[in-house]
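Trainee: Give me the fold of what follows.
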Amino acid sequence: MATTAALLLAAGESRRMGRLKALLPWQGATLVAHQIAALKSAGVDKVVLVLGYQADLLRAAVEPMLRGSAPVVTCTVNHQYQQGKTTSIRAGLAAMGNTPCDTLLILNVDQPRSAEVLRRLLEAHRHGGGLITIPTHQGKGGHPIILDGSLRQELAEIDEATQGLRAMVKRHQDSLQKVEMAEAEVLWDLNTPEQYQAAVQGQGRTP
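Mentor: Here you go, the predicted structure:
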C-alpha cells in the first residue's frame, strides 16, 4: 500500500508578521492545528512538524495531537533554523528515520491549504507519473511541493548554498508536473498581517 508523509515546516521567527504565524486563528483553530488536520484528512499517513523558534510553545499548542499509540503528528526541533529552510527539511527527514514513504509533501505552516485541495494534488501526483508535482493558479507556481519517495536521499542533501529545493526542482524539470488549480489558496503565503487578513477574507470565495 502506498504511503504518504508530509513535512510541515514551522521553525521560523515570524518577524514580518509580528507574532507566531503558527498560532494565528484559522477556521476555528490555530493555523498549525488546521494544517495538521487538513493533511491527515487529505490522506497523509505521517505528518512531521518541524519546530525551531519558541519550539516549546508550539509543541504545547499541538499536545493533544501527540498523544496515544498512533499520534496524529510527530515533532522534531531544528536547532539550526536560522540558517535557512533547507535545515528544517533535513531535520524533518532525519526525524522520519527509516520510515518508508512513496510520496513526500512539503508545506510551510504559513501556507494554509484545504484538505480538498491537498487531496486533489496528491491524487494528481500519483497518477501523473512525474517525480515532482506543484500546483499553479493562473499560471503562477504555488505550494505544496510533492515529491516521489525516490528523491528522498537527494532531498536530504540540499543546502542553502546551492539554492536548496529550488535547484532540486530545476534538476528534475523534465519530470515536473504542474497542476493548474482554480483555488487561489495554492498561492497563499502569509508573511505579513496584510497577507493574513486578505487570506482570511478570501476564504470560501470562488476566484
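Trainee: pull the CA atoms of the longest helix along the chain into CSV?
Mentor: Longest helix in the chain by number of residues (criterion: DSSP state H): helix 115-128. The C-alpha coordinates for helix 115-128 follow below in CSV (Å, rounded to 0.1, in the frame of the first residue of the first chain):
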residue,chain,number,x,y,z
ALA,A,115,-7.9,19.2,2.8
GLU,A,116,-9.8,19.0,-0.6
VAL,A,117,-7.0,20.9,-2.4
LEU,A,118,-4.3,18.7,-0.8
ARG,A,119,-6.2,15.6,-1.7
ARG,A,120,-6.6,16.5,-5.3
LEU,A,121,-2.9,17.4,-5.6
LEU,A,122,-1.8,14.1,-4.1
GLU,A,123,-4.1,12.3,-6.5
ALA,A,124,-2.8,14.2,-9.5
HIS,A,125,0.8,13.4,-8.4
ARG,A,126,0.1,9.7,-8.0
HIS,A,127,-1.5,9.5,-11.5
GLY,A,128,0.8,12.0,-13.3
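Trainee: Past that helix, which element shows up next along the chain?
Mentor: Using DSSP states H and E, the helix or strand that follows helix 115-128 in sequence is strand 132-137.
Trainee: Report the buried residues of that next one.
Mentor: 132-135, 137 (16 or more other CB atoms under 10 Å). Yep, even glycine has a C-beta here, placed from its N, CA and C like the rest.
Trainee: so what strands line up beside that strand?
Mentor: Applying DSSP bridges, strand 132-137 is found paired with strand 140-141 (antiparallel), strand 145-148 (antiparallel), strand 176-180 (parallel).
Trainee: and those strands, which is most packed in?
Mentor: Greatest average neighbour count among the strands paired with strand 132-137 goes to strand 145-148 (a mean of 23), per mean count of other CB atoms under 10 Å.
Trainee: Okay, now the unreliable bits of the chain?
Mentor: 1, 69-70, 204-207 (pLDDT under 70).
Trainee: Helices of that one, start to end?
Mentor: 31-41, 55-61, 63-66, 85-96, 115-128, 152-155, 164-171, 193-202.
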